[in-house]
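Engineer: Here is a sequence together with a model predicted from it:
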Amino acid sequence: MKATTTIFGLFILSLALAGCKKSDGAGGEAPAVGSIYSVTTAKKDLFKVVKVLAVADKTIHLKVYVNPFSSRPAEITESELSIGMYEHASLPGTFAGVKDGKTYLGITHLAIHKETWSLWEPKLLVTSAASEEELAPFRKWNGQTLPTRTKLTQ
């Protein structure tokens, strides 16, 4: 009887775990295109905010906002975010902003591997959509000249 109870308990536990999904974009789930996430920096001492432009088999294409945060934002509006004020002369699509005497970068299009995405510990902030203006750098990188031509999932 004890063995049957243990097996039944393990079966119920496995069903419960199989039904669990992370809703923050981490853990192997593809992030939602157009949505905005907070992510950690390499040193884990700052948080940045990114917008998903496109998702492919192995890559995620992002817009990286210049705004740094000392703690992970729980909510945010797009009007609070900026790509930066000064475009980097030798890196088109890369902008800089200054806060507290430090320079931070904003990037109009950054392609990263899906494994890197998980390492950034993304947390969904806002479900949104990407505008044609935001998609332009991705489409240029992807070799698209017409909005109707699609090489990667958007």
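Structural biologist: That came in fine, so what should we check first?
Engineer: what's the neighbour count on the closest residue to residue 30 other than its chain neighbours?
Structural biologist: Nearest residue to residue 30 in three dimensions, chain neighbours excluded: residue 55, at 5.0 Å (CB to CB, 6 or more residues apart in numbering). Placement of C-beta: from N, CA and C, glycine included. For residue 55, the count of nearby residues is 18 (other CB atoms under 10 Å).
Engineer: now residue 55: how far from residue 96?
Structural biologist: 27 Å (CB to CB, to the nearest Å).
Engineer: for residue 84, same thing?
Structural biologist: Counting by CB to CB, the gap from residue 84 to residue 96 is 5 Å.
Engineer: Who has more neighbours out of those two?
Structural biologist: The residue with more neighbours, out of residue 84 and residue 96, is residue 84; 21 against 16, by other CB under 10 Å.
Engineer: Where does the prediction get shaky in the protein?
Structural biologist: Scanning the chain for pLDDT under 70 picks out the ranges 1-29, 89-90, 144-154.
Engineer: Mind doing that once more with 50?
Structural biologist: For the chain, applying pLDDT under 50 flags the ranges 1-27, 146-154.
Engineer: so where do the helices sit in it?
Structural biologist: 2-18, 114-119, 132-141 (DSSP state H).
Engineer: Skipping adjacent residues, who's closest to residue 71 in space?
Structural biologist: Using CB to CB, 6+ apart and skipping residues adjacent in sequence, the residue nearest residue 71 is residue 47, 6.9 Å away.
Engineer: what sits against the one you found?
Structural biologist: Residues in contact with residue 47 (CB atoms under 8 Å, 6 or more residues apart in numbering) are 38-41, 68-73.
Engineer: mind redoing it with 6 Å?
Structural biologist: Residues near residue 47 by CB atoms under 6 Å, 6 or more residues apart in numbering: 38, 69, 72.
Engineer: now do residue 88
Structural biologist: Under the criterion of CB under 6 Å, 6+ apart, the contact partners of residue 88 comprise residue 94.
Engineer: do residue 46 as well
Structural biologist: By CB under 6 Å, 6+ apart, the residues touching residue 46 are residue 68.
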